[in-house]
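Novice: A structural model of the following input is requested.
(one chain, ligands or ions: 2)
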Amino acid sequence: MFGCVAVPEAGSAGASCDFHRDGGGADRSARGAGGRGLRCRGFLFAGGCPADSGGAGAGGAAAGRGGFGRGGRVGAGAAGRHSGDGGLSARGGSGTGAPGRGGGGGVLLTVNGRSCEVSAAPVARLSEVLREDLGLKGTKVGCDAGDCGACTVLVDGAPVCACLTPVARVAGREVQTVEAETPDLARLRAAFLRHGAAQCGICSPGMLMTAAALLARNPAPTEAEASEALGGVLCRCTGYRKIIAAVCDVSGLAVPAAPEAAPVGQRVVRLDGAAKVAGDLFGADVVPEGALVVKALRSPHAHAGFVIGDWRGWAEGRGVAGVFTAADIPGRNAFGVIPPFADQPALAESPARFRGEAVALVAFEPGAAASLDGFPVDWAPLPALLDPVEAEAGATLHPGRPGNLLIEGRVRKGDAGTALAASAFVVEGAVETAFVEHAYIEPEAGAAWMEGDILCIRACTQAPVMDRDDTATVLGLAPERVRIVPSAVGGGFGSKLDVSLQPLIGLVTLKTGRPCRMVYSRGESMASTTKRHPARLRGRIGCDASGLVTGLEVEGVFNTGAYASWGPTVANRVPVHVTGPYFTPAVSARARAVHTHGPVAGAFRGFGVPQAAIWQETLYDRLADAAGIDRLEFRLRNALRDGQASATGQVMRAVGIEACLRALKPHWLRARTEAAGVPGRGVGVASCWYGCGNTALPNPSTIRIGVTGAGEVVLHQGATDIGQGSNTVIAQIAAEALGVPVGSLRLVGPDTALTPDAGKTSASRQTFVTGRAAEAAGRSLRATVLRLANAGEGARIGFGGGMVRVSEGGTVREIALAGLPVDGFGYALSAEESYDPPTVALDADGQGSPYAVYGYGAQMVELAVDPQLGTVKLLKITAAHDLGRAINPTLAEGQIEGGIAQGIGLALMEEYIAGRTENLHDYLIPTTGDVPPVESLIVEVPDPEGPYGAKGLGEHVLIPTAPAILNAIRDATGAEVTRLPALPHRVLAAMREAGR
Ligand code: FES
Ligand code: FES
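Specialist: Ligands and ions are numbered 1, 2, ... in the order given. From the prediction side, this is the model:
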């Protein structure tokens, strides 16, 4: 059970059926006034869009981008994709406007067994009618273009994209959404929960509906059949394996109850899972009554001066409630996740420094057409610096940053040059990676309203307290006057650490005194939010005759884009991690973050470490070959061990890399034997390590647990759960420490007014840092109870019926909670504890102890390369990860599988190009057909600093995948692909270079 915030929610309008919510809304005729332009080009697809059209026809798109089956999405896209610029235009329209919904006659349809009449234009998107008119928010919108499948519903039993289906096409037909109560859906929901198939949950409705259609015609699908059927629905979190397993295991088994005792280590079903499989409420799904609709005018240029003209004439008759520019910002027009580097304006003052930067806001009355077409702005394009090396010699983007250098990170240990000169073997190499888009299925969305003089913002975020502080700064408010209430988050992976629309909707509400809402279009989301840093790394690694690494030299340039975001973190983290989890006696590592007019590069699962691992791990294979040593054995020989010093001089403990490599060894031997002599078959291995939490900076989390007078135990858990499972894991830890069943806790989720600061969800810190705070709070409250009852540590405690009961040695003591004084939070008993990891700051040479806990892992990839096409077929990935202690093995496996899927994308298909790949049909992410079977090997080397020994996991799991794939391609073909993604033409070119 979760706490919630009271939002003055709008009703649905224009529908005469039971879904109609109280509160009404704008008059239907008014809503349709102005006639929004038709964007929907698709119609109801025979054979199903996207979910059911199967993977057979995937070759066209696939062959061009890596040989991957695209499932039904190819078929869907062919009929339904938008042309144009992904929502951005020279006139700056953000393009989220849907076809006009209102203004038409009534459309009769049956939804989930109930007949409805909606007043909507015939061309209105079915998704909008379901969501806005009927209040069925379980149908999600991830792209409005037929690419993601999140909007999949059933029409007469067949799956269709509701975003591409004009409502008139379903007149008189049966529509079924995720809100339907059918036996198949009930069994599917239970299977999804049992298998941990829903992480963030934004794709779950589309997956469930697609699976329901499959089960209706095939009650016992094979894995291949399920994979094919689900091929048109994108999931960015899970790696699909658990979804497919759930669909193949719709047994009718009940969802297991949470364990009564000792929940740590148990496969507890996610506590927020029921909401996920029912269509959770994300940023776009709660709309305050009478909310204005906010649209952002954005730069269509990478670098351009601009002048906003007199908009008053333009606004006339368009239902415009206000237009806002940088001049309207009452505070400091600069935000940033690292305050000393904060440099990004909420609304740009001329010039705009990247394509997609917001320059003005227009707030429309509810029901207005909400189109920015014709908005008066004059653009004056300026020369754009897009290459970081050229930018180092170009005009500066920001005063005080000569050479466009944001920051340089470095680590120096010993004399690497001398060590390399004395080495028996030295290999040298360079790699280059691209901008990579997070591609979460939920575009940014949220709403703002006033509660007295408090500005409330409900939005998707990974960092509510940072959002509060940044928003308050921009709006010139004291932080206490801003309340951030995170919605469910439909994926984040780092990008939702930076504020996006929070200060924008905050500004509109502050200026108008009215509630407002904003939903980014897919193109707007992709153009305006952060990306993984493109990196160029070049350097050398050497070893002695016995294969022991002697030294490493590397230089990296990271394109950090127009603003700072997490550039400093990346530049500092890379030199610390670039040795990999191996003992390296001499190190010289430098990483520069350089500004360009490219997209802002920020946090993305790994903060630069995945790019560094690609360089280091591919060179390790070459070095092992030069030394004549088996590649896995070479890594084992060099693996860091307890008591050895890292590159920063930190003496390591609880090092798990050797255990991970040993866990892989039998699989390695088997796979090498199977691949031997088979043309095109290859096996690759790579490792990872990752320091959990901030790099040598304060990083505290605080957890509060309270007991009400009635005996209810309330966990104030401020860590945002973006799908990784902190709602469940932190509760398991707290329950274990307190000694109560995890199911007995009531969770109050993140809310800056209700939960203490648990820090941001990033850098694999929540299980470790917030987990330690939860453990401490649980132990503290338990100690209080035991003291009250004068009982020993072994006593059992329980709460309920206004009592706390303490059982010990056959006696039971009861204490009436009503008799205890109530504290400032209204609790009879409570505990609040903080934890901040002990670290030692890095000196000028990068020497120190930047992290208190590290996690480790190693992955092995088996694949086949088509020598004619250069396409890569992944056959299996085996992943060994040291978690210290697996608090919840099911959730841990889900993280591993999901991270691997993102690593596959990084290696083989993903490249964000501003202006060209701002949608999910030009920017490809892995589908069901792209993720091979994954075998997870959970290794537990407990860390004394972690809660119950636990280490972080979220970032680690992506890091080894790409280098292991590249190493397997080299093993298969001899090709050294050094520019990512490894598209077929790059593989073929590398094969030619290798003489194959
Ligand atoms: S396919 Fe309809 S929202 Fe993406
Ligand atoms: S669980 Fe599928 S997108 Fe998050």
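
Novice: hey, let's count contacts and neighbours off CA atoms from now on
Specialist: Noted.

Novice: three-state assignment of Gly239?
Specialist: Three-state assignment for Gly239 (DSSP: H, G, I helix; E, B strand; the rest coil): coil.

Novice: do you know how far it is from Leu382?
Specialist: To Leu382, Gly239 is 42 Å away according to C-alpha to C-alpha, to the nearest Å.

Novice: enumerate the residues of this protein near ligand 2.
Specialist: 198-203, 235-238, 441, 490-491 (C-alpha under 6 Å from any ligand atom).

Novice: what do you get if the cut-off is 8 Å, keeping everything else the same?
Specialist: 197-204, 234-238, 240, 440-442, 490-491, 723 (C-alpha under 8 Å from any ligand atom).

Novice: buried among the residues you listed? Make that a ChimeraX selection.
Specialist: Those of the residues of the chain next to ligand 2 that count as buried under 16 or more other C-alpha atoms under 10 Å are selected in ChimeraX with:
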select :197,198,199,200,201,202,203,204,234,235,236,237,238,240,440,441,442,490,491,723
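
Novice: among the residues of the chain next to ligand 2, name the ones in helices.
Specialist: Members of the residues of the chain next to ligand 2 lying in helices (criterion: DSSP state H): Ser204.

Novice: confirm Ala216 sits in a helix?
Specialist: Yes. Assessed by three-state DSSP, Ala216 belongs to a helix.

Novice: just give me the neighbour total for it.
Specialist: Applying other C-alpha atoms under 10 Å, we find 12 residues neighbouring Ala216.

Novice: shouldn't Ala284 be in contact with Pro486?
Specialist: No. With contacts counted by C-alpha atoms under 8 Å, Ala284 stays clear of Pro486, the gap being 11.6 Å.

Novice: name the SS class of the residue nearest to Gln868 when sequence neighbours are not counted, please.
Specialist: Computed as C-alpha to C-alpha, 6 or more residues apart in numbering, the closest residue to Gln868 that is not its neighbour in sequence is Leu988, at 7.8 Å. Under three-state DSSP, Leu988 falls in the helix class.

Novice: and the gap between Leu988 and Gly870?
Specialist: Distance, Leu988 to Gly870, using C-alpha to C-alpha: 5 Å.

Novice: who's more crowded, those two?
Specialist: Neighbour count, other C-alpha under 10 Å: between Leu988 and Gly870, Gly870 has more, with 26 against 23.

Novice: quick check: closest non-adjacent residue to the more buried one.
Specialist: Closest to Gly870 by C-alpha to C-alpha, 6+ apart is Pro984, at 4.3 Å.

Novice: for the one you found, grab phi and psi.
Specialist: Dihedral angles phi and psi of Pro984 (degrees, to the nearest 10) take the values phi -50, psi -40.

Novice: ok, now Trp379?
Specialist: Torsion angles, degrees, to the nearest 10, at Trp379: phi -100, psi 140.

Novice: in this structure, what residue is nearest ligand 1?
Specialist: In the chain, the residue that lies nearest ligand 1 is Gly146 (3.4 Å; C-alpha to the nearest ligand atom).

Novice: sorry, back to before: Gly239 and Leu382: which is more packed in?
Specialist: Neighbours per residue (other C-alpha under 10 Å) separate Gly239 from Leu382, with Gly239 holding more: 29 against 14.

Novice: list phi and psi for the residue nearest to that one when sequence neighbours are not counted.
Specialist: Using C-alpha to C-alpha, 6+ apart and skipping the chain neighbours, the partner closest in space to Gly239 is Gly898 (4.2 Å). Per-residue torsions, Gly898: phi -70, psi -40 (degrees, to the nearest 10).

Novice: I figured Gly898 hits Cys200, correct?
Specialist: No. Gly898 is not in contact with Cys200 according to C-alpha under 8 Å; the separation is 11.3 Å.

Novice: now for the two: what residues contact both?
Specialist: Cys237 (C-alpha atoms under 8 Å, 6 or more residues apart in numbering).

Novice: neighbours around His667, how many?
Specialist: Neighbour count for His667, taken as other C-alpha under 10 Å: 13.

Novice: over to it: give its phi and psi.
Specialist: Per-residue torsions, His667: phi -70, psi -40 (degrees, to the nearest 10).

Novice: again, but for the one 4 residues further on
Specialist: Geometry field for Ala671 lists phi and psi as phi -70, psi -40, criterion degrees, to the nearest 10.

Novice: what parts of the stretch 101-250 of the chain come near ligand 1?
Specialist: Residues of the stretch 101-250 of the chain found near ligand 1 (C-alpha under 8 Å from any ligand atom) are 127, 140-152, 161-164, 233.

Novice: minimum distance to ligand 2, which residue of the stretch 301-450 of the chain gives it?
Specialist: Proximity of the stretch 301-450 of the chain to ligand 2 (C-alpha to the nearest ligand atom) peaks at Ile441, 5.5 Å away.

Novice: now that residue, nearest residue through space, not along the chain?
Specialist: Closest to Ile441 by C-alpha to C-alpha, 6+ apart is Gly142, at 5.1 Å.

Novice: just Val123 next, same as before
Specialist: Spatial nearest neighbour of Val123, excluding adjacent residues (C-alpha to C-alpha, 6+ apart): Pro166 at 4.5 Å.

Novice: need the per-residue pLDDT for that neighbour.
Specialist: Pro166 is assigned 97 on the pLDDT scale.

Novice: again with Val519
Specialist: 98.

Novice: please name the nearest non-neighbouring residue to it.
Specialist: In space, Val519 is closest to Ala445, 4.2 Å off (C-alpha to C-alpha, 6+ apart).

Novice: hmm, who's touching stretch 611-620?
Specialist: Counting by C-alpha under 8 Å, 6+ apart, 427-431, 433, 535, 537-538, 541, 574, 577-580, 631, 635, 686-688, 959-960, 962-964, 966-967 sit against stretch 611-620.

Novice: no, scratch that, I was asking about stretch 891-902
Specialist: Against stretch 891-902 from outside (C-alpha under 8 Å, 6+ apart): 196-197, 199, 236-242, 267, 724-725, 879, 886, 925-926, 931, 934, 936, 953-958, 961.

Novice: in the stretch 551-700 of the chain, which spans are helices?
Specialist: Counting by DSSP state H, counting those that start in this stretch, the stretch 551-700 of the chain has helices at residues 567-577, 609-627, 631-638, 657-675.

Novice: Gly279: which of the ones you listed is closest?
Specialist: Closest approach to Gly279 among the helices of the stretch 551-700 of the chain is made by helix 609-627 (32.9 Å; C-alpha to C-alpha).

Novice: now the closest one: buried residues?
Specialist: If you call a residue buried by 16+ other C-alpha under 10 Å, then helix 609-627 has these buried ones: 609-624, 626-627.

Novice: before we move on, what about stretch 526-537?
Specialist: Across stretch 526-537, burial judged by 16+ other C-alpha under 10 Å covers Met526, Ala527, Ser528, Thr529, Thr530, Lys531, Arg532, His533, Pro534, Ala535, Arg536, Leu537.

Novice: for stretch 276-290, the distance to its chain's centre please.
Specialist: 18 Å (C-alpha atoms, centre = their mean, to the nearest Å).

Novice: can you give me the end-to-end distance of it?
Specialist: One end of stretch 276-290 sits 27 Å from the other (C-alpha to C-alpha).

Novice: now do stretch 947-959
Specialist: 24 Å.

Novice: what about the nearest residue to Val155 once chain neighbours are set aside, how many residues nearby?
Specialist: Closest residue to Val155 apart from its sequence neighbours, by C-alpha to C-alpha, 6+ apart: Val175 at 4.6 Å. Residues lying near Val175 (other C-alpha under 10 Å) number 26.

Novice: just the element for Val175, please.
Specialist: Using DSSP states H and E, Val175 sits within strand 174-176.

Novice: ok so, going back, any chance of the buried residues of stretch 526-537 in JSON lines, with pLDDT and secondary structure too?
Specialist: Below are these laid out as JSON lines (pLDDT from 0 to 100; DSSP: H, G, I helix; E, B strand; the rest coil):
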{"residue": "Met526", "pLDDT": "98", "secondary structure": "helix"}
{"residue": "Ala527", "pLDDT": "98", "secondary structure": "helix"}
{"residue": "Ser528", "pLDDT": "98", "secondary structure": "helix"}
{"residue": "Thr529", "pLDDT": "98", "secondary structure": "coil"}
{"residue": "Thr530", "pLDDT": "98", "secondary structure": "coil"}
{"residue": "Lys531", "pLDDT": "97", "secondary structure": "strand"}
{"residue": "Arg532", "pLDDT": "98", "secondary structure": "strand"}
{"residue": "His533", "pLDDT": "98", "secondary structure": "coil"}
{"residue": "Pro534", "pLDDT": "98", "secondary structure": "coil"}
{"residue": "Ala535", "pLDDT": "98", "secondary structure": "strand"}
{"residue": "Arg536", "pLDDT": "98", "secondary structure": "strand"}
{"residue": "Leu537", "pLDDT": "98", "secondary structure": "strand"}
